[in-house]
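> Curious how this folds, go ahead:
(one chain, ligands or ions: 1)
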Amino acid sequence: MISIEHVSKTYRRGAWALLDISAVFGTGMTGLLGPNGAGKSTLMRILAGLASPTSGRVTIRGIPLSRPEEIRQSIGYLPQNFQVYPQMTGRDYLDYIASMKGLKSRKERTAEVSRLLEVVNLNNHSDQKMRTYSGGMRQRIGIAQALLGSPDVLIVDEPTSGLDPRERVRFRNMLTRYSLNRTVLLSTHIVADIQSNCHEVAVLHEGSLIMAGSLAELQACGRGFLWEARMSHEEYEAADPSLILSSRQEGEHMICRMIHARRPFAGSVMVEPELEEGYISLLRRERHV
Ligand SMILES: Nc1ncnc2c1ncn2[C@@H]1O[C@H](COP(=O)(O)OP(=O)(O)OP(=O)(O)O)[C@@H](O)[C@H]1O
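Sure thing, here's the model as predicted:
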């Protein structure tokens, strides 16, 4: 379990990247959503013990981050811009990280590295130098190193960027299985990543936690603001594009979904929001649009 109490962070000469965040993330997978610059990576780096909060306290399984030697092995972290060692093979790299994480026995390390290469579907490329890896393969080695030692808490920052759809599905399912009896925190811009696998969601906006709860609660944030209208091409061209969330052509007309506090067109009808529309409505409300 991760417990965050009144955490704030400011960078030197910077504004507040995090402002008085309090949250508890228990067993299961929680999605951390937020627009660019919201503070997701800052929060994840703090949870991974790579940055210190300016104020506030974080505990992992009850142990404060200020005692890193006691919890280092309980935390796996995949950073947003994971960098590989180009001259090392995937297998050698994982073996090296395994020994850094304290796996002393060579036999255990070999077994653990082989298991993880299988999990991330890289066993056929494990003896290639990582400079020959594609972006998706590098990302998968990053995932494997985060999973080394089966940590109780897994923190993954935009893990599916760069994965093709088949690998993305495989990865999501792997994370879901992993989160059955562990805590997984996954940050993403992609609402679909959260929709398919997370049971809870937290939304950051300009350094503040503006929502934490179930997916149904996030979806409900759009209730009363979503409209669907059937428009002529002329009406469509005249409409304010900032109100339109999606549109598709149907014969001579356009079917548009719009976000607005009041009925935007005479012919528009109120509809139930999708999860992404709930998220966009929540962000719009924060910006008082
Ligand atoms: N090393 C740093 N020095 C100064 N300011 C920083 C640093 N890292 C992040 N920031 C600032 O802190 C704020 C939060 O950034 P952060 O990277 O945590 O957001 P994010 O939600 O992860 O964004 P993105 O989705 O674009 O990756 C931003 O205003 C950013 O400019």
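> So which residues on this protein come close to the ligand?
For the chain, the residues in contact with the ligand (C-beta under 6 Å from any ligand atom) are 11, 14, 17, 34, 36, 37, 38, 39, 40, 41, 42, 80. Where C-beta positions appear, they are placed from N, C-alpha and C, glycine not excepted.
> Which stretches in the stretch 51-200 of the chain count as strands?
With DSSP state E, counting those that start in this stretch applied, the stretch 51-200 of the chain shows strands at 55-60, 63-64, 75-78, 153-157, 183-188, 200-205, listed in chain order.
> export those to a markdown table and tack on mean neighbour count and mean pLDDT?
Converted to a markdown table, the strands of the stretch 51-200 of the chain look like this (neighbours: other C-beta atoms under 10 Å; pLDDT from 0 to 100):
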| stretch | mean neighbour count | mean pLDDT |
| --- | --- | --- |
| strand 55-60 | 18 | 94 |
| strand 63-64 | 13 | 91 |
| strand 75-78 | 22 | 93 |
| strand 153-157 | 24 | 94 |
| strand 183-188 | 24 | 94 |
| strand 200-205 | 23 | 96 |
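> low pLDDT regions in the stretch 151-289 of the chain?
Scanning the stretch 151-289 of the chain with the threshold set as pLDDT under 70 gives 287-289.
> now the end-to-end length of stretch 250-269.
Length of stretch 250-269, first residue to last, C-alpha to C-alpha, to the nearest Å: 17 Å.
> Pull out the buried positions in that stretch.
By neighbour count, with 16 or more other C-beta atoms under 10 Å as the criterion, the buried positions of stretch 250-269 are 254, 256, 257, 258, 259, 260, 264, 265, 268.
> Which of these fall in strands?
254, 256, 257, 258, 259 (DSSP state E).
> does the last one have beta-bridge partners, and which?
The partner list for residue 259 in beta bridges (DSSP bridges) reads residue 226.
> how about it, what does it touch?
By C-beta atoms under 8 Å, 6 or more residues apart in numbering, the contact set of residue 259 is 222, 225, 226, 227, 243, 245, 277, 280, 281, 284.
> sorry, back to before: which one of the buried residues of stretch 250-269 is nearest to residue 237?
Taking C-beta to C-beta as the measure, residue 254 is the one of the buried residues of stretch 250-269 closest to residue 237, at 9.3 Å.
> picking up where we left off before, would you format the contacts of residue 259 as TSV with distance to residue 193 included?
Output for these, formatted as TSV (distance: C-beta to C-beta, whole Å):
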residue	distance to residue 193
222	19
225	23
226	22
227	27
243	26
245	19
277	16
280	16
281	19
284	21
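> Strands - which of those residues land there?
Reading strands off the contacts of residue 259 with DSSP E, I get 226, 227, 245.
> Looking at those, spot the one nearest residue 194.
The shortest approach to residue 194 among the ones in strands among the contacts of residue 259 belongs to residue 245, at 17.5 Å (C-beta to C-beta).
> Setting aside sequence-adjacent positions, which residue approaches the closest one most closely?
Excluding the flanking residues, the one nearest residue 245 by C-beta to C-beta, 6 or more residues apart in numbering is residue 257, at 4.9 Å.
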